[in-house]
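J.: Build me a structure from this.
(one chain, ligands or ions: 3)
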Amino acid sequence: MIVQKFGGTSVADPDAIRRLIAIVRDTREREGRGPAVVVSAMSGVTDALLAIAALGGAGRFDDAHTRLQQLRERHLAAANALTSGARRDSVASFVSGQFDELEAVARALGVLREVTGRTLDAVGACGELLSSRIIAAAVEDAGLPATWVDARRTIVTDDEHTRAAPLMRETTAALRASLVPLLDAGRVPVLGGFVGATRDGITTTLGRGGSDYSAAIVGAGIGAREIQIWTDVDGMLTADPRVVESPRLVPRLSFAEASELAYFGAKVLHPSTILPAVERDIPVRIVNSRKPDGEGTLILSDVDGEGQPSMARQGITALACKRDLSVVDITSSRMLMAYGFLRRLFEVFERFRTSVDVVTTSEVSVSVTVDDRRHLGPISDALSEFADVSVESNMALLCAVGDPLRTDASIAARVLRVLESVPLRMVSQAASRRNITVVLRQPDLAGAMQRLHQEFFG
Ligand code: ADP
Ligand code: ASP
Ligand code: MG
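T.: Ligands and ions are numbered 1, 2, ... in the order given. This is a model prediction of the structure:
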C-alpha cells in the first residue's frame, strides 16, 4: 500500500486538486488498490486561521469576519468547481457549517480575550478538515471510490496542544479500525493531515508542517510499502531554493541524513516524519506534484548498503539553514564549570518548555541557540540568578549534512575553509558526526550558503 501526502500548494486550488486526482488515479491503476491520501490545508489557510484566532482574541471581530468570509468563499468555490449534484450540496453544507462555527469561535474569543493552545488547535485544524472533505468529494466525483476519514477519530495524541505527539498504540488501533477496512474494500481513504484528537476527543494539532508527520504515522500504522510526500519542488534539494539559486536534486539519502536536514531547517520535510518511517523501515519519497513523472528523492534506511550511488560521494549530501535564531551565552560567574551547572542551566529551559538546537561549551561558558523566543525574557532572568547572560538575536544556523563526514575529516575542514572570512559564533559537530553546524549572523547567511554550495555542488 502507498500513502500519498499532498502539501498546501499541491491542493491550493481546483487545478492543483485535479493534478492530485490524476496522480491518485495513476497510482491506483499501477498498484491495483489504494492509495491512502493525506492532505494539507489549501496553501495559506493555516496561517490565515491562526491570524483570525489572534484577531478574535484581540477583540477585532470585524477583521476576523472579513478574513473568514474570504476563506469561506475560496473553499466554496473549490467545492463547487470540483463536485456536482447531491455531493456538491453535502460538501457545501459541511463547509458552511465549519465557517459558521469559526465565526462563533472568533466572536467568543473577543469576549474571553484569551487564545489558548486548545482554541488555536480547534481553529487551526479546520484548514485540513475542510480541504480533506472537499478533496474526498472531488476524488469521488472524478469516478474513484473515495471516502472521507475524520482525522480526529484516527490520529490519537497527547494533550500538548499545538505540538501534540501521537499515541502510537491507540492510533494504530484506530487506523486498523477505520482505514484498513476501507483499503481492503478497494476504497481510497482521504484524511486531513496535521490534525488529531486526544483520547477524550479534544482536537489537537501536530505542529506546523505536521501533515508530513501524519502521513508517516498513517504509513507506519497500516504498514505501507512507501510514503510519498507530494510537494512543490522536485525533492530534497542540495540547498533551500529560496537561498541558493538552482540547487540540485538529491536522488537518494539515508534516513539519518534526512532527519538531520529536516531538523536543521529543510522545510520540505517535517522533522518528525522520519521517526515512524524508520521504525517500520518504510521508504519515504519526496515528489513534485507538478512533475509527477520525476523520480524525486528516495529516503532509505541504508543508502550505501544497497550499493546505490549517493550524492554523498561529493562529501556533503545537502545544506540546510534556519533563520531567526537567538544565541544565549551563559557564563558561570561564581565558579568554573562545577558539576551541577549544566543541570541547573538546562532545567531553566525545561521549565519554560523551550528547546535548544545547538549547544557549545568552554571552560566557563555555554552557548545555546533557541528559535522559540516567547520565553527568552524569563529564561534570561532565571539564568541570571547563577550566571551572566547575554542574548543575541538575528542569528542563523547553517548545517552541512552527509554520511561521509563521519569518516573523512577533510570534509569538515573544507567546510570551515570556505567560510574562513565569515565571523562564526558557534561551530558544532554532534555525536552523529553526520553534520557540521555553524551559527552566524543572519546577514551573512545567504553569502555563506552560496559559497558552500558552489564549493560542493557548483
Ligand atoms: P508543502 O506545502 O508541500 O508541505 P513546504 O512549503 O512545507 O511544502 O515545503 C516545501 C518547500 O521547502 C519548498 O518550496 C522549498 O522552498 C523549501 N525548502 C527548504 N529547504 C529545502 C530543501 N533542501 N529541498 C527542498 N525544498 C526545500
Ligand atoms: N497546514 C499545516 C501547516 O501549514 C500543516 C501542513 O501543511 O503540513 O502548518
Ligand atoms: Mg510542509
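
J.: From Ser132, how far off is Leu68?
T.: Separation of Leu68 from Ser132 (Cβ to Cβ, to the nearest Å): 19 Å. Where you see a C-beta, it was placed from the backbone N, CA and C, and this is true even at glycine.

J.: Let me see the contact set for Val250.
T.: The contact partners of Val250, taken as Cβ atoms under 8 Å, 6 or more residues apart in numbering, are Gly235, Met236, Leu237, Thr238, Thr297, Met311, Thr317, Ala318.

J.: now Ile155
T.: Pro166, Thr171, Ala174, Val195, Gly196, Ala197, Leu206, Ser214, Ile217.

J.: And for Glu455?
T.: Arg414, Val418.

J.: Which helix or which strand is home to it?
T.: Assigned by DSSP states H and E, Glu455 falls within helix 442-457.

J.: Ligand 3 versus Phe349, what's the distance?
T.: 27 Å (Cβ to the ion, to the nearest Å).

J.: whoops, I mixed them up, Met426
T.: Distance from Met426 to ligand 3, by Cβ to the ion: 27 Å.

J.: In contact with that residue, which residues?
T.: So Met426 contacts Val327, Val358, Thr360, Ser367, Thr369, Thr437, Val438, Val439 (Cβ under 8 Å, 6+ apart).

J.: if we go to 6 Å?
T.: Applying Cβ atoms under 6 Å, 6 or more residues apart in numbering to Met426 gives the contacts Val358, Thr360, Ser367, Val439.

J.: more neighbours, Leu68 and Ser132?
T.: Ser132 (26 against 22; other Cβ atoms under 10 Å).

J.: these two touch, right, that one and Val39?
T.: Yes: with contact defined as Cβ atoms under 6 Å, Ser132 counts as touching Val39 (5.2 Å).

J.: returning to that earlier point: buried subset of the contacts of Val250?
T.: Buried members of those, scored by 16 or more other Cβ atoms under 10 Å, are Gly235, Met236, Leu237, Thr238, Thr297, Met311, Thr317, Ala318.

J.: Out of the residues you listed, name the ones that lie in strands.
T.: With strands defined by DSSP state E, the entries of those inside them are Thr297, Ala318.

J.: want to try CSV for the buried ones among the contacts of Val250, with distance to ligand 1 and pLDDT as columns?
T.: Formatted as CSV, those follow (distance: Cβ to the nearest ligand atom, whole Å; pLDDT from 0 to 100):
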residue, distance to ligand 1, pLDDT
Gly235, 7, 97
Met236, 5, 96
Leu237, 4, 97
Thr238, 7, 96
Thr297, 8, 97
Met311, 12, 49
Thr317, 10, 94
Ala318, 6, 96
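
J.: Report the two of the buried ones among the contacts of Val250 separated the most.
T.: Gly235 and Thr317 (12.3 Å; Cβ to Cβ).

J.: State which one residue of the stretch 51-200 of the chain is found closest to ligand 1.
T.: Using Cβ to the nearest ligand atom, the closest approach of the stretch 51-200 of the chain to ligand 1 is made by Gly193 at 8.9 Å.

J.: Need phi/psi at Ser259.
T.: Dihedral pair for Ser259: phi -70, psi -30, per degrees, to the nearest 10.

J.: Distance-wise, check it relative to ligand 1.
T.: 13 Å (Cβ to the nearest ligand atom, to the nearest Å).

J.: Could you list the low-pLDDT ranges of this protein?
T.: Residue ranges of the chain with pLDDT under 70: 303-314, 333-338.

J.: mind checking the longest helix of this structure?
T.: helix 85-112 (DSSP state H).

J.: Could you give the separation of that one from the chain centroid?
T.: 27 Å (Cα atoms, centre = their mean, to the nearest Å).

J.: C-terminal to that helix, which secondary structure element comes first?
T.: Using DSSP H and E, the helix or strand that follows helix 85-112 in sequence is helix 117-124.

J.: What residues sit buried inside that following helix?
T.: Gly117, Thr119, Leu120, Asp121, Ala122, Val123, Gly124.

J.: Can you give me the distance of the second one to Glu170?
T.: Put plainly, it is Thr119. In terms of Cβ to Cβ, Thr119 sits 24 Å off from Glu170.

J.: what does the fourth one give?
T.: Here the distance between Asp121 and Glu170 works out to 18 Å (Cβ to Cβ).

J.: same deal with the fifth one?
T.: Separation of Ala122 from Glu170 (Cβ to Cβ): 20 Å.

J.: How about the secondary structure of the closest residue to ligand 3 within the stretch 301-450 of the chain?
T.: Among the residues of the stretch 301-450 of the chain, Ala320 lies closest to ligand 3, at 14.3 Å counting by Cβ to the ion. With DSSP: H, G, I helix; E, B strand; the rest coil as the basis, Ala320 sits in strand.

J.: partner residues bridging it?
T.: Note on Ala320: beta-bridge partners by DSSP bridges are Cys399.

J.: before we move on, what about Ser326?
T.: According to DSSP bridges, beta-bridge pairing links Ser326 with Val370.

J.: who in the chain is up against ligand 3?
T.: Counting by Cβ under 5 Å from the ion, the positions of the chain adjacent to ligand 3 are Gly7, Gly209.

J.: Residue in the chain with the shortest distance to ligand 1?
T.: For the chain, Cβ to the nearest ligand atom, closest residue to ligand 1: Gly7, 1.8 Å.

J.: count of residues packed around that residue?
T.: The number of residues packed near Gly7 is 25, by other Cβ under 10 Å.

J.: Please consider this matter closed, and thank you.
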